[in-house]
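Student: this one's structure only:
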């Protein structure tokens, strides 16, 4: 049966997922700042308040700690909740609730209490928003046992993964990217879900595996096109979910190409790129023909001036240079 | 201080409050004994002296109502109806504990009794309780949620943000502050300029009351009104219960490095159980025998719990990864 697709924006894919799930499951509550009548800072909840009203779509003041804790408590007691931190940065106000409470309650209650909460936010640099609005620390959630972590790179992934997240029985950290909100992509007309723990091979290639997340996936694909002209064939793998991680697909790709480069907008120390290197070394050491490489943001807070931020964040140019040097070495 | 209103307090009610308080006291002293024998892992925070609050509040609750507790939560658990054998087995780290040995005293969950957890993070449970009340309201369930916390929590962001939301959303939650005058070693009057917890209620737009937390009838009355207010859809209440823990913050803390022995003695004389016992005897409506019988019954009740917990197995190491998600 042929599926029909249409091109929509990343931001619209999220709204569609929420509309469908909130219609299907009347226990879903959506809590956050500016997500009601305003339709969300990024227009990422447009239409939800007019359809579902004040009771189910609740604006709050600036109180992420309280709002997140309330969301988690409601999820403990029989509701399904989305807590929208809007900017990943502001999840910091709520860290004790996310790490100490949401992540641990199922385990500590021996499975008796589940916490079906989606903590939603947008990460990453956009138009020099600056240090307090550009953080990328999704790996901190990934290394906390008890949290699932999703990083969608395309509208197709946003919708399919958000629908799945809204059916999970435990807490999910759903991290979009601000600079992707208006990117476009093909999405089926019909409803669909994407299972967690399934990586996407976005581009096949024989010479090097590039594992990239979030906005870096698109940049990696651009770099791959450039490198192809030099006769370097790059395989780009997007894990899509950090927890659970599709190690199998990543390992198979690295064994095939013998080279791995991990690209992450976060700084290198103790980040997700390091995890990819560890996985490659643990599983593919005999297949590697050159050492693994990480391409990450320079380890500084996001600087304001465009010249500085452009150097800090991995660029297509930097990627091309690094990948070429890995393949030529 | 608020005085007791003229509602009919039956001897039956007084006896039941007395029994429940004495159960908690004897349970806690047994826990102390077992801990000192080296049988219980981890840390223990005993509720001795504060029994009137757990009992006075929870005696107003239905089975389906929910309680969110603190690091000092065995009294709340028992008052909410969690069987002592499940609490003790959990403190003992056994597989039969209410959290299967995963939680211990500070992470003790028994949702089948509406007991939504003790907590190792001061203040974290207050937004959680507020959220559970939101769920109750959205599900149209008539459940009421009680959030217990100490004086140590009332200057935290958690308290502030949770009460803000509880009030503005009109949620069915009762906030109960057990003000025992110390947060570990920090005297409340050194931590904050405004030492009236109940006065903070006005800042959030909710009613606030200050009660003698060692008068179980006063606590019962105040909580009764607050529970009614919540259940009828009229929003939250803040109740400050003034009390004292006559033991240290945790077993191993003598409690006198930062308090005088004289102060501790004064509060021992204000023991809520002693007060109720004296009241019952003075009123003459209960023969001394019935109080002795209560003690005997509690003794058996406790022995059964100890035997159960002692003979229970620890969890199998193969279960260490269970229930993470």
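Tutor: All right, it came through fine. The structure presented is a predicted model; accordingly, all values stated were derived computationally and were not measured.
Student: now do the strands in chain B.
Tutor: B:66-68, B:145-150, B:173-179, B:182-183, B:186-187, B:208-212, B:237-242 (DSSP state E).
Student: nearest to residue B:158, of these?
Tutor: The closest approach between residue B:158 and any of the strands of chain B, judged by Cβ to Cβ, belongs to strand B:145-150 at 8.6 Å. (Glycine included, C-beta is placed from N, CA and C.)
Student: direction included, what does that closest one pair up with?
Tutor: With DSSP bridges as the test, strand B:145-150 is paired with strand B:66-68 (parallel), strand B:173-179 (parallel).
Student: now those in JSON lines, with mean neighbour count and mean pLDDT?
Tutor: Below are these laid out as JSON lines (neighbours: other Cβ atoms under 10 Å in any protein chain shown; pLDDT from 0 to 100):
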{"stretch": "strand B:66-68", "mean neighbour count": "30", "mean pLDDT": "98"}
{"stretch": "strand B:173-179", "mean neighbour count": "30", "mean pLDDT": "98"}
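Student: surely residue A:299 is in a strand?
Tutor: No. Counting by DSSP: H, G, I helix; E, B strand; the rest coil, residue A:299 falls outside a strand, being coil.
Student: you'd agree it is up against residue A:269?
Tutor: Yes. Using Cβ atoms under 8 Å, residue A:299 makes contact with residue A:269 at a distance of 6.4 Å.
Student: where does whatever residue of the stretch 151-300 of chain B ends up closest to chain A land on pLDDT?
Tutor: Nearest to chain A, among the residues of the stretch 151-300 of chain B, is residue B:161, at 2.5 Å (Cβ to the nearest Cβ). Note on residue B:161: pLDDT of 98.
Student: where does pLDDT dip in the chain?
Tutor: Since no chain was named, I'll use chain A. A:1 (pLDDT under 70).
Student: hmm, no, I was thinking of chain B.
Tutor: The model of chain B has pLDDT under 70 over residues B:1-7.
Student: for residue A:236, list each beta-bridge partner.
Tutor: Per DSSP bridges, the residues bridged to residue A:236 are residue A:203, residue A:210.
Student: which bits of the stretch 101-250 of chain A sit near chain B?
Tutor: When proximity is defined as Cβ under 8 Å from any Cβ of the partner chain, the stretch 101-250 of chain A approaches chain B at A:101, A:104-113, A:145-146, A:148, A:169-170.
Student: apply 10 Å and report the result again.
Tutor: Proximity of the stretch 101-250 of chain A to chain B, by Cβ under 10 Å from any Cβ of the partner chain, involves residues A:101-115, A:117, A:145-148, A:168-172, A:243-244.
Student: turn the strands paired with strand B:145-150 into a markdown table, columns for distance to residue A:189.
Tutor: Shown next, in a markdown table, are those (distance: least, Cβ to Cβ, whole Å):
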| stretch | distance to residue A:189 |
| --- | --- |
| strand B:66-68 | 43 |
| strand B:173-179 | 44 |
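Student: quick check, the residue of the stretch 151-300 of chain B closest to chain A in contact with residue A:69.
Tutor: Yes. Using Cβ atoms under 10 Å, residue B:161 is in contact with residue A:69, at 7.5 Å.
Student: what do these two both touch?
Tutor: Common contacts of residue B:161 and residue A:69 (Cβ atoms under 10 Å, 6 or more residues apart in numbering or on different chains): A:63, A:94, B:123, B:126-127, B:130.
Student: need the nearest residue in space to residue B:90, chain neighbours excluded.
Tutor: Distance criterion Cβ to Cβ, 6 or more residues apart in numbering or on different chains; nearest residue to residue B:90, sequence neighbours excluded, is residue B:97 at 2.9 Å.
Student: just the strands in the stretch 1-150 of chain A please.
Tutor: Ranges of strands in the stretch 1-150 of chain A, per DSSP state E, counting those that start in this stretch, are A:5-9, A:28-32, A:57-59, A:80-87, A:117-123, A:148-150.
Student: name the nearest residue to residue B:161, sequence neighbours excluded.
Tutor: The spatial neighbour of residue B:161 that comes closest, neighbours along the chain excluded (Cβ to Cβ, 6+ apart), is residue A:66 at 2.5 Å.
Student: could you pull up the residues touching that neighbour?
Tutor: Listed by Cβ under 10 Å, 6+ apart, the contact partners of residue A:66 are A:31, A:60, A:93-94, A:97, B:126-127, B:130-131, B:157-166.
Student: burial measure for the residue nearest to residue B:90, as a count.
Tutor: Counted by other Cβ atoms under 10 Å in any protein chain shown, the residues lying close to residue B:97 total 27.
Student: pretty sure it sits against residue B:83.
Tutor: No. Assessed by Cβ under 10 Å, residue B:97 is found out of contact with residue B:83, at 11.1 Å.
Student: between those two, which contacts overlap?
Tutor: By Cβ under 10 Å, 6+ apart, residue B:97 and residue B:83 have these common neighbours: B:89, B:110.
Student: of the shared contacts of residue B:161 and residue A:69, just the buried ones, PyMOL syntax please.
Tutor: This is the PyMOL syntax for the buried subset of the shared contacts of residue B:161 and residue A:69, where burial follows 16 or more other Cβ atoms under 10 Å in any protein chain shown:
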select buried, (chain A and resi 63+94) or (chain B and resi 123+126+127+130)
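Student: out of the shared contacts of residue B:161 and residue A:69, flag the one nearest to residue B:261.
Tutor: Using Cβ to Cβ, residue B:123 comes nearest to residue B:261 of these, at 30.4 Å.
Student: surely that closest one touches residue B:129?
Tutor: No. Contact criterion Cβ under 10 Å: residue B:123 and residue B:129 do not qualify, at 11.1 Å.
Student: overlap in contacts, the two.
Tutor: The contact sets of residue B:123 and residue B:129 overlap at A:69, B:149, B:162 (Cβ under 10 Å, 6+ apart).
Student: can you give me the helices for the stretch 151-300 of chain A?
Tutor: Ranges of helices within the stretch 151-300 of chain A are A:155-165, A:215-228, A:247-257, A:272-284, based on DSSP state H, counting those that start in this stretch.
Student: check which residues of the first one are buried.
Tutor: Residues A:155-165 are the ones in helix A:155-165 that count as buried (16+ other Cβ under 10 Å).
Student: repeat that for the last one.
Tutor: For helix A:272-284, the neighbour count (16+ other Cβ under 10 Å) marks A:272-277, A:279-280, A:283-284 as buried.
Student: okay, the residues you listed in TSV with distance to residue A:10 next?
Tutor: Formatted as TSV, the buried residues of helix A:272-284 follow (distance: Cβ to Cβ, whole Å):
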residue	distance to residue A:10
A:272	21
A:273	23
A:274	27
A:275	25
A:276	24
A:277	29
A:279	28
A:280	29
A:283	32
A:284	32
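Student: between those residues, which sits nearest residue B:228?
Tutor: Nearest to residue B:228 among the buried residues of helix A:272-284: residue A:272, at 52.0 Å, using Cβ to Cβ.
Student: ok now do the residue nearest to the closest one when sequence neighbours are not counted, which residues does it touch?
Tutor: Leaving aside its sequence neighbours, residue A:272 sits nearest to residue A:139 (Cβ to Cβ, 6+ apart; 4.7 Å). Residues near residue A:139 by Cβ under 10 Å, 6+ apart: A:149, A:213, A:242, A:264, A:266-267, A:270-275.
Student: mind picking the two most distant members of the residues you listed?
Tutor: The most widely separated members of the contacts of residue A:139 are A:149 and A:267, with 17.3 Å between them, by Cβ to Cβ.
Student: and stretch B:208-227 with chain A, contact?
Tutor: No. Between stretch B:208-227 and chain A, judged by Cβ under 10 Å from any Cβ, nothing touches; the nearest distance is 16.9 Å.
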